[in-house]
Structures are given as structure tokens and as C-alpha cells.
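Trainee: Just to be clear, the model below is a prediction. Sequence and coordinates:
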Amino acid sequence: MSTNDLAARLSGLSDLSKRFAEQNKEIFQRLRPALEESLQLQKQFAARIAPLSDSIKRGLTGGRLKFDKPLKTLAENGWFTSWWNTPLAWIYPLARLFESGQREKANRRLRNHFNEQVDSIESTLTKRFPRRTSVLRKAFESHRKHEYELSIPIFLIQADGIAKQITGGDVYSRHSKKREHLKDFVDRITFDEFQRDMIELILLPIPLNASTGDKTLKRGALTRHEILHGVRCNYASATNSCRAISWLQYVAAFEEQRDFARRHRQRAKNEKR
């Protein structure tokens, strides 16, 4: 290679390097607002968990933490977190809000959380359960129009059908044999401690599976039995519609958890060979 050719190539590389640096600068400038917002959110979250006990803060930042109690608290107040989209770090602070009497503050945060996910949840459910697409779309449309008298019963009815389709049983019955069938299903699809904490919520006595007069009922809680049997007519609210969405996406995710468990068992079997 001649000296002129080498000089030309070096010049070209220099120009390319400058363009690359300029592009990186432009990309960083575009990302900077998002990065600053992310840092601000981290600071806000750190401030929110400051009052928590040292043991909980250690659990949030390292080590293995049990989530069964805070998840139960959320379920008793009608909320079921998203397997993939609800940050684990939110679970204890949200439960603490309910436990300290700040119910509306907790409800507002969870309502906003699930409203942000509405499009994604609808898309996932209609793809996973195509024969339910028409009715699900109408339910989500009613939710967006604030027609909660219509959206809530449809969400609850579809959750009934999807849960039965996946588990092969009744997730609401308190009958011992049906409870045993459901417990067997939970055992079959469980392979992780946090996953078990999430799945076992369907085995608990909670407002959603309570009958009229049941002691587990809380004032203002979402009660499937009373709504679908026409006992309660004052259920229409944005909070209850979002609660129903949280329940719907929660039971629908059991299908994915069942598939994960099947693959997990197969990998374990292959490793033994």
C-alpha cells in the first residue's frame, strides 16, 4: 500500500470517528431526559422506602425475601400484581400503605399502574385466548369509556372461564375436594419460591372468592359473587375495574406458568441423563 493510499485511509477513518462521536453525542442528548427521569424516580422510590424497617430494606436490596404476606395484603384489598410488569420493589411499600390505613393512596398507585398496562394486557389476552377476543375487546373498550357497570362483570366472567380452562377446576369454590384439586394444580406448576407465593393466592379466602356475609369481605372490596349474582349494584368505579383487570391478567398468566413448569421439569430430566 502506498503512502498516499495509507494517508487517505487514515483520513477516512478519522472522519468516520468524528461522525461516530457526533452521533453518540446526539443519541446521548436524546436519552438524557429519560436518564434524568429514571434517576429522579429512583430517588423518589428511595425516599418512599426510607420509613421501612431495616430488615425489609435489606430484603429489597439483597438476599431472599418472602413475599407471601404483602401479596396476601394486596389480594385482600382486591389487587393482584403483574408477573412481569409490577416491580418486586413495589410490593412491600404498597402493602404497607394498606396496612397503615392509606388505602386510597395505594389504590391510586395501583390504578395508575394497571391503566398504563391496559393496551398490553388486552393484546396479550386476545392473542393467548383468540376465541374470547370479541368479548374481551368490548370489555376493555367499556373500561376506556369509563363504563364500569359493563367492564367489571365481563372481566370477572372471562376470568372465571379462563381460570377454569387452565386449571380444570373452580378457583372460587370452598368445597374441600375442589380445593384439593386446585392445590394439586398449584403444586404441579410451582418450581420457584416467589412463584409459589404468587400462585398460592388462589388458595386463600379473599374477597374475590367470598360469598355474601363472608367475614373475609372488606368494605369497598371487589366481590365477584355479589356483583355477578346481582346482589351488589354500586360496584362501578375505576378502582374496581382496574382490580378486575389485575385479577384477569393474574389468572390468565397461569397458562404461561404451567408451560414454564413443564419446560423446567424437562430440563431437570435431561440434566439427570
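Mentor: That came through, no problem.

Trainee: now this structure, which segments are flagged as low pLDDT?
Mentor: 1-64, 210-220 (pLDDT under 70).

Trainee: Swap in 90 and give it another go.
Mentor: 1-66, 83-84, 169-182, 189-195, 202-233, 256-273 (pLDDT under 90).

Trainee: Kindly report the domain assignment for it.
Mentor: For the chain, automatic domain parsing gives the domain ranges 1-50, 68-272.

Trainee: Now do the end-to-end distance for the longest one.
Mentor: This means domain 68-272. End-to-end distance of domain 68-272: 32 Å, with CA to CA, to the nearest Å as the criterion.

Trainee: all helices for the stretch 1-150 of the chain, in order.
Mentor: Using DSSP state H, counting those that start in this stretch, the helices found in the stretch 1-150 of the chain span residues 3-49, 54-61, 68-76, 88-99, 103-128, 133-144, 148-167.

Trainee: so the fifth one versus helix 88-99, what angle?
Mentor: Computed with axes from the mean of the first three to the mean of the last three CA atoms, to 10 degrees, the direction of helix 103-128 lies at 140 degrees from that of helix 88-99.

Trainee: same thing with the third one?
Mentor: Orientation of helix 68-76 against helix 88-99 (the same axes, to 10 degrees) gives an angle of 60 degrees.

Trainee: so how far is helix 68-76 from its chain's centroid?
Mentor: Put simply, helix 68-76 sits 13 Å off its chain's centre (CA atoms, centre = their mean, to the nearest Å).

Trainee: which outside residues touch it?
Mentor: Contact partners of helix 68-76, identified using CB atoms under 8 Å, 6 or more residues apart in numbering, comprise 80-81, 91-92, 94-96, 98-99, 110, 197-198, 200-201, 204, 206-208, 216, 218, 221. C-beta coordinates here come from the backbone N, C-alpha and C atoms, glycine included.

Trainee: Stretch 162-178 now?
Mentor: For stretch 162-178, the surrounding residues in contact (CB under 8 Å, 6+ apart) are 129, 132, 160, 179, 181-182, 185, 202, 205, 208-209, 224-225, 248, 251-252, 254-255, 258.

Trainee: Spell out for me the PyMOL command that would select the buried members of those residues.
Mentor: Command for PyMOL, covering only those of the contacts of stretch 162-178 found buried under the criterion 16 or more other CB atoms under 10 Å:
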select buried, resi 129+132+160+182+185+202+208+209+224+225+248+251+252+254+255
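
Trainee: can you tell me which of the contacts of stretch 162-178 are in strands?
Mentor: Within these, no residue falls in strands by DSSP state E.

Trainee: elements contacting whatever helix or strand Ile227 lives in?
Mentor: When secondary structure is defined by DSSP states H and E, Ile227 falls within helix 224-228. Contact here means 3 or more CB pairs under 8 Å, 6 or more residues apart in numbering; DSSP states H and E; on that basis helix 224-228 packs against helix 148-167.

Trainee: tilt between the helix it packs on and helix 133-144?
Mentor: Going by the same axes, to 10 degrees, helix 148-167 is angled at 140 degrees with respect to helix 133-144.

Trainee: So for helix 148-167, what gets flagged as buried?
Mentor: So, applying 16+ other CB under 10 Å, buried residues of helix 148-167: 148, 150-160, 162-163, 166-167.

Trainee: one step back: quick one, which of the contacts of helix 68-76 are buried?
Mentor: Judged by 16+ other CB under 10 Å, buried ones among the contacts of helix 68-76: 80-81, 91-92, 94-96, 98, 110, 197-198, 200-201, 206-208, 218, 221.
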